[in-house]
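*Asks:* kindly generate the corresponding structure for this input.
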Amino acid sequence: MITPLRALVFLLLITPAVSWSEDNSREAHEWLVRMSQAAQMLNYEGTFIYLHNGRLETMQIVHKFGDKGEQERLFSLNGVAREIVRDNSKITCILPDDKSVVVDKSRPKKLFPDDLTSKDVMRLEQYYKFELGEQDRIAGRKTQQVLVKPRDGYRFGYRLWLDSETGLLLKSDMVNETGEPIEQIMFTRIDYSAVISDKALMPELMGKQYKWFEHEKDTVEAMELEKGWDVENSPEGFMMTERGRRRLPAGKMPVEHFVYSDGLATVSVYIEKVEEQNDLMQGVSYMGAVHVFANVVNDHQVTVVGEVPAETVEFIGNSVRYKTSD
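*Replies:* Residues are numbered from 1 along each chain as shown. Take a look at the predicted model:
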């Protein structure tokens, strides 16, 4: 028999656990918002290692925030030489091996969205669970770990280590459904400089003989799009954030381009008119954390790409339809 006293004791025992869980999640939210602000507004220069597809790369980064907004330069320190320069309006990729420069509209940075608000994190709670982890040291600095756990199998999780003093992301593990890392980034050196010179943000690898590729404006007037293409369904939480027509660097004709995101994970859908039957691709493939699903719909090659599980790109790819007007 459960007496009132026993019931009271039971409630007292479980209440601290519930309260701790809520406090833990709330603190994790606050850390993520702080991380997002730090990624945009701090001046810093550092070196990080990037492990993906079984390859280890070392990169140097210079980041500045000022009157011109965000400016950033990344350049490789090992392997194939390359540089990436980003500002608020465009991103420039310099590829010396190919003697080419690709200029595109500036897009969110790879590691983690850098524009998260408290409202955004609350919305993401529908699809991810956020928890504080342990404290650690990365690049000689004290860090706080934040765990991002997906609530279904359509997205990957993260383990994030944030600088305890500044909130900047110093280490990131993208993990699969078993918790194994499939992509890792970690700073080995970080310097928060008060002043970043303009010279430090200038690329060094470009030459006059380089060939330039500039992507056309992504968003075009509705009348310019093929209105018949549609993605009838997508995993819960993935919403269309962009739709347009793009000309890829090696492409002869513009391709239809859809972007779906849940706020953290992003998936791109490319639809291209088939020119050669021998070039058709079908099925799922992957390279590290990136999964690709290819299909043929109405004589068009449909390609779905994203740092998401195979089930996600396949779900979206099988939902692409072309509807002829009546």
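*Asks:* looking at it, residue 157 is touching residue 151, isn't it?
*Replies:* No. The pair residue 157 / residue 151 is not scored as a contact, 9.9 Å apart, by Cβ atoms under 8 Å. C-beta: built from backbone N, CA, C; applies to glycine.
*Asks:* need the residues touching each of the two.
*Replies:* residue 128 (Cβ atoms under 8 Å, 6 or more residues apart in numbering).
*Asks:* more neighbours: which of those two?
*Replies:* More neighbours surround residue 157 than the other of residue 157 and residue 151, with 18 against 14 (other Cβ atoms under 10 Å).
*Asks:* would you check how far apart the more buried one and residue 317 are?
*Replies:* For residue 157, the distance to residue 317 (Cβ to Cβ, to the nearest Å) stands at 23 Å.
*Asks:* just to be sure, residue 270 is in a helix?
*Replies:* No. Counting by DSSP: H, G, I helix; E, B strand; the rest coil, residue 270 is not part of a helix but strand.
*Asks:* need the contact list for it.
*Replies:* Residue 270 neighbours (Cβ under 8 Å, 6+ apart): 246, 248, 255-257, 301-305.
*Asks:* number of nearby residues for the closest residue in space to residue 211 that isn't next to it in sequence?
*Replies:* The shortest distance from residue 211 to any non-neighbouring residue, by Cβ to Cβ, 6 or more residues apart in numbering, is to residue 100 (4.9 Å). For residue 100, the neighbour count with other Cβ under 10 Å is 14.
*Asks:* so residue 100 bridges to which residues?
*Replies:* residue 95, residue 211 (DSSP bridges).
*Asks:* one step back: lowest-confidence member of the contacts of residue 270, which is it?
*Replies:* Within the contacts of residue 270, residue 248 has the lowest pLDDT, namely 66.
*Asks:* so, low pLDDT: which residues of the stretch 201-326 of the chain?
*Replies:* Where the stretch 201-326 of the chain drops to pLDDT under 70, the residues are 207-208, 215-227, 247-252, 277-278, 325-326.
*Asks:* okay, now the domains of the protein?
*Replies:* Following the assignment in automatic domain parsing, the chain carries domains at 14-201, 216-322.
*Asks:* and residue 254, its phi and psi?
*Replies:* Dihedral pair for residue 254: phi -60, psi 150, per degrees, to the nearest 10.
*Asks:* one more: residue 32?
*Replies:* phi -70, psi -40.
*Asks:* and the gap between it and residue 46?
*Replies:* Remark: distance between residue 32 and residue 46 (Cβ to Cβ) = 21 Å.
*Asks:* how about residue 255: what's its closest non-neighbour residue?
*Replies:* Per Cβ to Cβ, 6+ apart, closest to residue 255 is residue 272, 4.3 Å.
*Asks:* okay, now that neighbour: neighbour count?
*Replies:* As a burial measure, residue 272 scores 17 neighbours (other Cβ under 10 Å).
*Asks:* who does it bridge with?
*Replies:* residue 301.
*Asks:* how far away is it from residue 285?
*Replies:* From residue 272 across to residue 285, the span is 17 Å (Cβ to Cβ).
*Asks:* same thing with residue 166?
*Replies:* 39 Å.
*Asks:* when these two are compared, which one has more neighbours?
*Replies:* Set residue 166 next to residue 285 and count neighbours by other Cβ under 10 Å: residue 166 wins out with 18 against 12.
*Asks:* quick one: stretch 291-302 to chain centroid distance?
*Replies:* 23 Å (Cα atoms, centre = their mean, to the nearest Å).
*Asks:* actually stretch 262-270, not the one I typed
*Replies:* Using Cα atoms, centre = their mean, the offset of stretch 262-270 from its chain centre is 8 Å.
*Asks:* restricting to C-alpha, output stretch 133-143 in PDB.
*Replies:* Below are the C-alpha coordinates for stretch 133-143, written out as PDB (Å, rounded to 0.1, in the frame of the first residue of the first chain):
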ATOM      1  CA  GLY A 133      28.300  16.900 -21.700                       C
ATOM      2  CA  GLU A 134      31.600  16.900 -19.900                       C
ATOM      3  CA  GLN A 135      34.300  19.600 -19.700                       C
ATOM      4  CA  ASP A 136      37.500  19.100 -21.500                       C
ATOM      5  CA  ARG A 137      40.600  20.900 -22.900                       C
ATOM      6  CA  ILE A 138      41.000  21.600 -26.700                       C
ATOM      7  CA  ALA A 139      43.900  23.600 -28.100                       C
ATOM      8  CA  GLY A 140      45.000  24.400 -24.600                       C
ATOM      9  CA  ARG A 141      41.700  25.900 -23.700                       C
ATOM     10  CA  LYS A 142      38.900  24.800 -21.300                       C
ATOM     11  CA  THR A 143      35.800  23.700 -23.200                       C
END
